[in-house]
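Colleague: Please find the sequence and the predicted model below.
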Amino acid sequence: MALAQLSLLYPLLALAAGVIAVLLAGMGQSADPRRRSLFVALLFLAAAALLDLLFPGDGAISDLLQFDAFSRFFLWLAMIATALVLILATQSAELAHRRFPEFAALLLTICTGITLMAAARNLLMAYLAMEMVSYASYILTGFKRANLFSHEAALKYVIFGGVASGVMLFGISLLYGLTGSTAFSAIAGALAPGGPVLAAGRTGLFAAVIALIMILTGLCFKTAAVPFHMWSPDVYQGAPTPFTGFLSVAPKAAGFALMLRFFSALLPQAGPELRTLVLILLGLISALTMTLGNLTAIHQTNIKRLLAYSSIAHAGYMMMGVALIDQIGAGAVLLYLGIYLVMNLGAFAVVQIVADKLGTEEIAEYKGLGYRAPLLGFVLSVYLFSLAGLPPLAGFIGKFFLFAALIHNSGFWYLVLALVGILNSVVGLFYYTRIMREMYMRSSEEAPSWRVALAPLLVVLAVPVFFLGLYWVPLQDWALAAVQALH
């Protein structure tokens, strides 16, 4: 690596230094190290953001990493999610005060891994970055030491993650055997119509499809797409609520980043048969994911499990844009991810506050919440209506551009996929309104007036949900500028 390329790594180096600094900050004798650890973590996140603004150059490091507008989009997405969840975690009753520095350090580690996933242009680099995110996620899922359900969730997460990781690694090795490289560009050339793989005829095509399906297994696991979604409900329910909120947005975004970069490099050059098979597979996964997620969410009584299945459904919506493999579809996915960040983190922030107050996550206990805590009831309604995709909230804009991208393509099966997505949005509205029915149409004997320490954060998350529903152009321009780097 040339010395001139070192500036590309400055934000990552700041995040890595932040991991060490947070752990050192937690080694003092203070009875409550949360405030000091939070300050140090936010300081290094701000330093990483400043370094990215001061050194915004594009460039590649060998054939391993590509730093460009696309990777920077996900760097900022990860840093914003990390900062918000750290603030949320300081008020969580589920996290021991003495262990907050470890929590913050692991979150910064995941933030670093997410950026590496978005910048990866080599399958081995992508795999290592995914494992960096996964191992820290396993630890944070089982972070509640006294909670056996948390340990069970972490164990299930490790088992599912290990299987998905092993299958993906086997697919990488198979693809390396076929193409002689793990670099995206070299693989794309080998899978082109005149390349050595497809020159072998049906045998080469079959081997390439099997390898890509195995690699897609790992990517679908990371995004909680069907049929590799099984870990999601148990992990969301068992993990500490602040981390559940983070897990629902940031690692999922990293999975889509890697999926977009990988398939955007391969499919435009691939043979028409191979490209068609992969696009059909992506479309089927999208339809199955959103349908299973929405239909299963209807029967949930625990709000974290309901939001877990909701998260699966939203992964299905975003897969629609991935299945297009063009700038319009990829731009719609990035726009949706930016909107999804604020509305889903906001919903989990309310879930944390209610769970800490009542000691339960059952939807039935939300009865009368709109009267007991008017602010909580109002902002949760905003987040849920936005997740359902109702105008004039930001969630409507996100879904609108995803459906518009499919319709713009004009392909018959893309129009069918858009129709499936619209029907699923109607189903989603049903189970989101169940929660609001409990909050406003069921009475509660408990006296009103809750003190909400996180009220400013709830407002900060709610404002973009309104604002982006009315004026989304800056985020859309940022997303389109990011995806241009892929093409």
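Modeller: Received the coordinates, thanks.
Colleague: how near is Glu365 to Ala265?
Modeller: Plainly put, Glu365 is 48 Å away from Ala265 if you go by Cβ to Cβ, to the nearest Å. From N, CA and C alone the C-beta is placed, and that goes for glycine too.
Colleague: The residue lying closest to Val158 once chain neighbours are set aside: neighbouring residues, count only.
Modeller: Closest residue to Val158 apart from its sequence neighbours, by Cβ to Cβ, 6 or more residues apart in numbering: Tyr138 at 5.1 Å. Residues within reach of Tyr138, counting by other Cβ atoms under 10 Å, total 18.
Colleague: low pLDDT regions in the stretch 351-487 of the chain?
Modeller: For the stretch 351-487 of the chain, the stretches with pLDDT under 70 are 443-451.
Colleague: mind listing what Leu358 touches?
Modeller: Glu365 (Cβ atoms under 8 Å, 6 or more residues apart in numbering).
Colleague: isn't there a helix covering Gly57?
Modeller: No - with DSSP: H, G, I helix; E, B strand; the rest coil as the criterion, Gly57 is assigned coil and is not in a helix.
Colleague: Now it, what are its backbone angles?
Modeller: phi -60, psi 150 (degrees, to the nearest 10).
Colleague: Would you check how far apart the residue nearest the centre of the chain and Met318 are?
Modeller: The chain has Lys252 as the residue nearest its centroid, 2.3 Å off, counting by Cα atoms, centre = their mean. Noted for Lys252: a distance of 8 Å to Met318, by Cβ to Cβ.
Colleague: before we move on, the earlier item: surely the residue nearest to Val158 touches Gly161?
Modeller: Yes - using Cβ atoms under 8 Å, Tyr138 is in contact with Gly161, at 6.7 Å.
Colleague: Can you tell me the SS state at Cys253?
Modeller: For residue 253 the amino acid is Ala, not Cys. Per three-state DSSP, Ala253 ends up helix.
Colleague: Any idea how many residues pack against it?
Modeller: 28.
Colleague: Not counting sequence-adjacent ones, nearest residue to it?
Modeller: Computed as Cβ to Cβ, 6+ apart, the closest residue to Ala253 that is not its neighbour in sequence is Leu337, at 4.9 Å.
Colleague: Could you pull up the residues touching that neighbour?
Modeller: 77, 249, 253, 256, 318.
Colleague: Which of those sits closest to Tyr471?
Modeller: Nearest to Tyr471, judged by Cβ to Cβ, of the contacts of Leu337 is Leu77 at 19.5 Å.
Colleague: looking at it, the closest one is touching Ala253, isn't it?
Modeller: Yes - counting by Cβ under 8 Å, Ala253 is a contact partner of Leu77 at 5.5 Å.
Colleague: Quickly list what's touching both of the two.
Modeller: The contact lists of Leu77 and Ala253 share 114, 337, 341, where a contact means Cβ under 8 Å, 6+ apart.
Colleague: quick one: the last one and Ala78 touch, right?
Modeller: No - counting by Cβ under 8 Å, Leu341 stays clear of Ala78, with 9.7 Å between them.
Colleague: Next, show the common contact partners of these two.
Modeller: In contact with both Leu341 and Ala78: 250, 253, using Cβ under 8 Å, 6+ apart.
Colleague: The two: who's more crowded?
Modeller: Ranked by neighbour count (other Cβ under 10 Å), Leu341 and Ala78 place Ala78 first, with 32 against 23.
Colleague: That one and Met117, how far apart?
Modeller: 9 Å.
Colleague: Also Ala462?
Modeller: 29 Å.
Colleague: neighbour count winner among those two?
Modeller: Met117 (30 against 22).
Colleague: Who are the contact partners of Gly204?
Modeller: Applying Cβ under 8 Å, 6+ apart, the residues near Gly204 are 178, 196-198.
Colleague: That one sits in which helix or strand?
Modeller: helix 202-223 (DSSP states H and E).
Colleague: and if you look at Tyr432?
Modeller: Applying DSSP H and E as the criterion places Tyr432 in helix 412-441.
Colleague: Whichever helix or strand comes after that helix packs against which elements?
Modeller: Using DSSP H and E, the helix or strand that follows helix 412-441 in sequence is helix 455-470. Here helix 455-470 touches helix 69-89, helix 327-358, helix 374-388, helix 394-409, going by 3 or more Cβ pairs under 8 Å, 6 or more residues apart in numbering; DSSP states H and E.
Colleague: Quick check: which of those helices is nearest to Leu480?
Modeller: helix 327-358 (4.5 Å).
Colleague: mind listing what's buried in the closest one?
Modeller: 327-355, 357 (16 or more other Cβ atoms under 10 Å).
Colleague: Likewise for stretch 386-403?
Modeller: Those would be 386-390, 393-403, for stretch 386-403 by 16+ other Cβ under 10 Å.
Colleague: Stretch 121-129 too?
Modeller: Here stretch 121-129 shows 121-123, 125-127, 129 as buried, counting by 16+ other Cβ under 10 Å.
Colleague: so where do the helices sit in the stretch 1-150 of the chain?
Modeller: For the stretch 1-150 of the chain, the helices defined by DSSP state H, counting those that start in this stretch cover 10-25, 34-54, 69-89, 100-119, 123-141, 148-179.
Colleague: And the contacts of the shortest one?
Modeller: Think helix 10-25. 33, 36-37, 39-41, 43-45, 47-49, 51-52, 55, 75, 101-102, 104-105, 108-109, 111-112, 115-116.
Colleague: What pLDDT is listed against the residue nearest to the centre of the chain?
Modeller: What the model reports for Lys252 is a pLDDT of 93.
Colleague: Skipping adjacent residues, who's closest to it in space?
Modeller: Thr223 (5.4 Å).
Colleague: dump the residue contacts of that neighbour.
Modeller: 252, 255-256, 259, 315, 318-319.
Colleague: With respect to Ala207, which of those is nearest?
Modeller: Of those, the one sitting nearest to Ala207 (Cβ to Cβ) turns out to be Met259, at 21.1 Å.
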